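**Student:** Next one to model:
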Amino acid sequence: MKSRALWGIALAVGMAGAAGAAERGPVTYAADINFAEDGSVAESLTGKPGNPENGAQVLAQKKIGNCIACHQVTALKDYPFHGEIGPSLDGVGSRYSEAQLRGILVDAKKTFEGSMMPSFFKTGGFIRPGIGFTGKPAKEPLPPLLTAEQIEDAVAFLMTLKDE
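**Tutor:** Numbers count the residues shown, from 1 in each chain. From the prediction side, this is the model:
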């Protein structure tokens, strides 16, 4: 009987979560983004090229992008604790175009539907964010995880990671 009661509670919580998700409205971004069918974003978010040196910091720094928490990047070997959850980014500039990398950083789920990678430029349409330990949903729009400049800098750095 106890398991039946727990199942009922889990079902109610799940339905409440689904209802909350339905109320959330469309996905929004920090700027108007034109995604191609493959998830790529051809236009620069800033209208100018990014700085690869700054992009390396976006990938490496825990307080910025912290990409190395999930990805291994040999070019950033001086930074500890590279992750193994995501694919290695070595040679990524040979595997993907600049537009594809930009799209993946803006919203990886547009390219890889089941990705665990965060959408670094998304500001709305979330399901899980809440106000710290209150159980209340966060008020949208939320700030993007990275600025447009940081996205372009990260793309510029990733484009330097070519197969030799």
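**Student:** Just checking, which helix or strand of this protein averages the lowest pLDDT?
**Tutor:** Sorting the helices and strands of the chain by mean pLDDT, DSSP states H and E puts helix 2-23 at the bottom, at a mean of 39.
**Student:** Would you tell me what the next helix or strand after that helix is?
**Tutor:** Where DSSP states H and E defines the elements, the next helix or strand beyond helix 2-23 is strand 28-29.
**Student:** and residue 39, how many residues sit next to it?
**Tutor:** Residues lying near residue 39 (other CB atoms under 10 Å) number 19. In this view, the C-beta of every residue, glycine as well, is placed from N, C-alpha and C.
**Student:** swap in residue 63?
**Tutor:** Neighbours around residue 63, by other CB under 10 Å: 6.
**Student:** what does the model give it for pLDDT?
**Tutor:** With respect to pLDDT, residue 63 scores 94.
**Student:** And it, how close does it get to residue 55?
**Tutor:** 15 Å (CB to CB, to the nearest Å).
**Student:** Same question for residue 85.
**Tutor:** Taking CB to CB, one finds residue 85 at 21 Å from residue 55.
**Student:** Which one's more surrounded, those two?
**Tutor:** Between residue 85 and residue 55, residue 55 has the larger neighbour count (other CB under 10 Å), namely 25 against 10.
**Student:** separation between that one and residue 154?
**Tutor:** With CB to CB as the criterion, residue 55 and residue 154 are 4 Å apart.
**Student:** And for residue 41?
**Tutor:** Applying CB to CB to residue 41 and residue 154 gives a distance of 13 Å.
**Student:** quick one: contacts of stretch 135-146?
**Tutor:** 20, 24-25, 28-30, 58, 64-65, 105, 118-126, 129-131, 154 (CB atoms under 8 Å, 6 or more residues apart in numbering).
**Student:** Which positions within it qualify as buried?
**Tutor:** 137, 144, 145, 146 (16 or more other CB atoms under 10 Å).
**Student:** Using PDB, write out every CA atom in it.
**Tutor:** Taking C-alpha atoms only, stretch 135-146 is exported to PDB below (Å, rounded to 0.1, in the frame of the first residue of the first chain):
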ATOM      1  CA  GLY A 135      10.700  25.200  -5.000                       C
ATOM      2  CA  LYS A 136       9.400  28.300  -6.900                       C
ATOM      3  CA  PRO A 137      10.000  28.700 -10.600                       C
ATOM      4  CA  ALA A 138      12.500  31.300 -11.700                       C
ATOM      5  CA  LYS A 139      11.000  34.400 -13.400                       C
ATOM      6  CA  GLU A 140      11.900  34.600 -17.000                       C
ATOM      7  CA  PRO A 141      13.700  36.000 -18.900                       C
ATOM      8  CA  LEU A 142      16.800  34.700 -17.200                       C
ATOM      9  CA  PRO A 143      20.200  36.100 -18.200                       C
ATOM     10  CA  PRO A 144      22.100  34.000 -20.700                       C
ATOM     11  CA  LEU A 145      25.000  31.900 -19.400                       C
ATOM     12  CA  LEU A 146      27.400  33.600 -21.900                       C
END
